[in-house]
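Have a look; sequence and predicted model below, questions after that.
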Amino acid sequence: MDLSILAFVLVLSLAFANGANDVSKAIATLVGSGVADYRTAILWGTCWTVVGAGLSGLAATAMVKTFSQGLLASDAATLPALGPSVLAGAVTWVLVASWTGLPVSTTHALTGAIVGAGFMAFGSEGLVWTGISRKIILPLLLSPVLALTIAVLIHNLVSTLAVRWEGTCLCVMPAARALVMIDGQGATRTLFQTMTLGRPVMAVPAQCDRAGLNGLAIGLDSIHWYSSGLASLARGMNDAPKIAAILLLGSATALWPNSGLQISALLGVAAAMGVGSYAGGLRVTQVLAEKVTRMDHSEGLSANLTTSSLVLVSAVMGLPVSTTHVSSSAIIGIGLLKGVSAVRWTTVRDMVLAWVVTLPAAAFLSALAYVLLARIV
């Protein structure tokens with residue numbers, strides 16, 4: 001039986017499930033700090049996730065190699081049921097977690113699924129444990145600690161800048177070719193202006209209401225929006241290559257013979273992540289936005305800057321950190337700055353339990369899927 005079509009369907013299903021569970025990681029701070037409502041924030045995160053997933057083919061090829069090479073012994077025979085089994089185990093667990101509102105890691109689910117299906121296919125000797133530990137498990141273990149630490153360290157700087165910026169905005173005035181700063185009292189100061197002739201670079205500006213200036217206003221809210229968009233873009237770049245890489249396992253290698261199909265696979269993954277993000281992202285977003293800790297502007301910005309910087313660097317380097325772990329740990333770190341009682345520890349407990357259970361659950365489901373598919377092929 002040819003499992004090519006099944007493999008593609010499962011890849012798109014996993015991308016959908018990933019979107020439903022992970023869009024929350026970059027936009028929860030927008031809702032938690034009162035900058036946006038749920039539907040607007042989810043739409044914003046969806047758009048930037050799709051952009052990041054689409055760009056991953058250019059900037060995150062190292063992630064494809066991480067998940068498609070060096071985890072299974074090179075002399076182990078390729079089996080057609082391997083790739084679909086990994087995908088089936090991962091997608092089942094991530095969908096269950098999304099439905100229950102638990103923010104789990106797609107990276108963890110894929111790792112557990114590779115181990116479970118690989119063990120059933122080749123036995124323990126067919127798994128490269130050193131590669132699995134060094135390339136996947138170690139980054140996954142270190143990233144939550146690193147995220148929590150960075151969020152705590154940068155928050156003082158971010159909050160200081162936020163206090164100075166509060167009530168202030170920049171006004172980009174294309175018609176006058178000027179950049180004007182407006183303080184909380186409405187006083188203006190021209191930061192830059194050029195007399196160069198030519199058409200304005202922006203034709204339809206918004207209004208800087210307080211000073212009555214015709215231009216595009218950029219305030220603290222705007223910076224928070226941009227940081228959230230950057231975190232969503234980073235998440236798309238980090239997760240799309242991992243999902244598409246499973247097409248290279250087993251006989252599914254034949255599905256990726258040229259660059260055209262590579263681009264098609266990544267674009268399909270990007271589209272499915274977008275649909276999943278918008279259609280199913282509400283449950284997990286509610287957990288991170290409301291049930292971990294309350295945040296203000298500067299706290300949400302600190303968490304987003306931590307998430308976007310760590311995930312972007314990891315995506316380019318091919319280090320499979322979990323956006324779930326990074327974002328959740330950054331939010332917890334921000335909560336700890338306000339005191340231990342500011343964190344809802346029952347929610348954190350449920351999240352950590354879900355993280356711990358993800359590896360064995362995905363491994364079991366993928367092993368079961370391999371047993372069933374191996375009989376069919």
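Structure received. Residues are numbered from 1 along each chain as shown.

what about the stretch 101-250 of the chain, any weak spots by pLDDT?
135, 162-170, 172-176, 181-189, 191-220, 248-250 (pLDDT under 70).

Distance check, the spatially most central residue of the chain against Met120.
Taking Cα atoms, centre = their mean, the centroid of the chain lies closest to Arg235, which sits 2.5 Å from it. Separation of Arg235 from Met120 (Cβ to Cβ, to the nearest Å) stands at 31 Å. C-beta coordinates here come from the backbone N, C-alpha and C atoms, glycine included.

What strand or helix carries Ala36?
Using DSSP states H and E, Ala36 sits in no helix or strand.

Contacts only, for it.
Ile27, Leu30, Trp44, Trp225 (Cβ atoms under 8 Å, 6 or more residues apart in numbering).

Now do the same contact list for the last one.
With contact set as Cβ under 8 Å, 6+ apart, Trp225 has these partners: Leu30, Val35, Ala36, Trp44.

The second one is in contact with Ile223, isn't it?
Yep, that's Val35 we're talking about. No - between Val35 and Ile223 there is no contact under Cβ atoms under 8 Å: 10.3 Å.

Between these two, tell me which one has more neighbours.
The neighbour comparison of Val35 against Ile223 (other Cβ atoms under 10 Å) goes to Val35, with 22 against 18.

Could you give the backbone dihedrals for the more buried one?
Main-chain dihedrals, Val35, degrees, to the nearest 10: phi -80, psi -30.

circling back to that earlier point, pretty sure the residue nearest to the centre of the chain sits against Leu312.
No - counting by Cβ under 8 Å, Arg235 does not reach Leu312; the two are 9.3 Å apart.

C-terminal to the helix or strand harbouring Phe119, what's the next element?
Assessed by DSSP H and E, Phe119 sits inside helix 106-122. Later in the chain than helix 106-122, the nearest helix or strand by DSSP H and E is helix 129-132.

So what touches that following helix?
The contact list for helix 129-132, computed with Cβ under 8 Å, 6+ apart, reads Gly70, Leu71, Thr111, Ile114, Val115.

ok, of these, which come out buried?
With neighbours counted by 16 or more other Cβ atoms under 10 Å, the contacts of helix 129-132 contain buried members at Gly70, Leu71, Thr111, Ile114, Val115.

any idea which of the contacts of Ala36 is the one closest to Gln286?
Ile27 (11.4 Å; Cβ to Cβ).

That closest one: what's it in contact with?
Contacts of Ile27 (Cβ under 8 Å, 6+ apart): Ala36, Ala41, Ile42, Trp44, Gly45, Ser228, Ser232, Gly281, Thr285.

counting contacts, what elements does the strand or helix carrying Val313 pack onto?
Assessed by DSSP H and E, Val313 sits inside helix 297-317. With contacts taken as 3 or more Cβ pairs under 8 Å, 6 or more residues apart in numbering; DSSP states H and E, helix 297-317 sits against helix 24-32, helix 38-59, helix 61-68, helix 138-165, helix 220-245, helix 323-337.

repeat that with 7 Å
helix 24-32, helix 61-68, helix 138-165, helix 220-245, helix 323-337 (3 or more Cβ pairs under 7 Å, 6 or more residues apart in numbering; DSSP states H and E).

tell me the mean pLDDT over that helix?
Average pLDDT, helix 297-317: 79.

Please list the outside residues in contact with the strand or helix carrying Ala279.
Per DSSP H and E: Ala279 is located in helix 259-280. Residues from elsewhere that reach helix 259-280 (Cβ atoms under 7 Å, 6 or more residues apart in numbering): 11-12, 15-20, 23, 42-43, 45-46, 49-50, 53-54, 56-57, 98, 236, 240, 243-244, 247, 255-256.

taking the mean pLDDT, what do you get for it?
82.

got the CA coordinates for it in PDB?
Taking C-alpha atoms only, helix 259-280 is exported to PDB below (Å, rounded to 0.1, in the frame of the first residue of the first chain):
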ATOM      1  CA  SER A 259      12.900  21.900  -4.600                       C
ATOM      2  CA  GLY A 260       9.400  22.400  -6.100                       C
ATOM      3  CA  LEU A 261       7.900  19.800  -3.800                       C
ATOM      4  CA  GLN A 262       9.900  21.100  -0.900                       C
ATOM      5  CA  ILE A 263       8.300  24.500  -1.400                       C
ATOM      6  CA  SER A 264       4.900  23.000  -1.900                       C
ATOM      7  CA  ALA A 265       5.200  21.000   1.300                       C
ATOM      8  CA  LEU A 266       6.300  24.100   3.300                       C
ATOM      9  CA  LEU A 267       3.500  26.200   1.800                       C
ATOM     10  CA  GLY A 268       1.000  23.600   2.600                       C
ATOM     11  CA  VAL A 269       2.200  23.400   6.200                       C
ATOM     12  CA  ALA A 270       2.100  27.200   6.500                       C
ATOM     13  CA  ALA A 271      -1.500  27.300   5.200                       C
ATOM     14  CA  ALA A 272      -2.600  24.500   7.600                       C
ATOM     15  CA  MET A 273      -0.900  26.200  10.500                       C
ATOM     16  CA  GLY A 274      -2.800  29.400   9.700                       C
ATOM     17  CA  VAL A 275      -6.200  27.600   9.500                       C
ATOM     18  CA  GLY A 276      -5.500  25.800  12.800                       C
ATOM     19  CA  SER A 277      -4.400  29.000  14.500                       C
ATOM     20  CA  TYR A 278      -7.500  31.000  13.600                       C
ATOM     21  CA  ALA A 279     -10.000  28.200  14.000                       C
ATOM     22  CA  GLY A 280      -8.700  26.500  17.100                       C
END
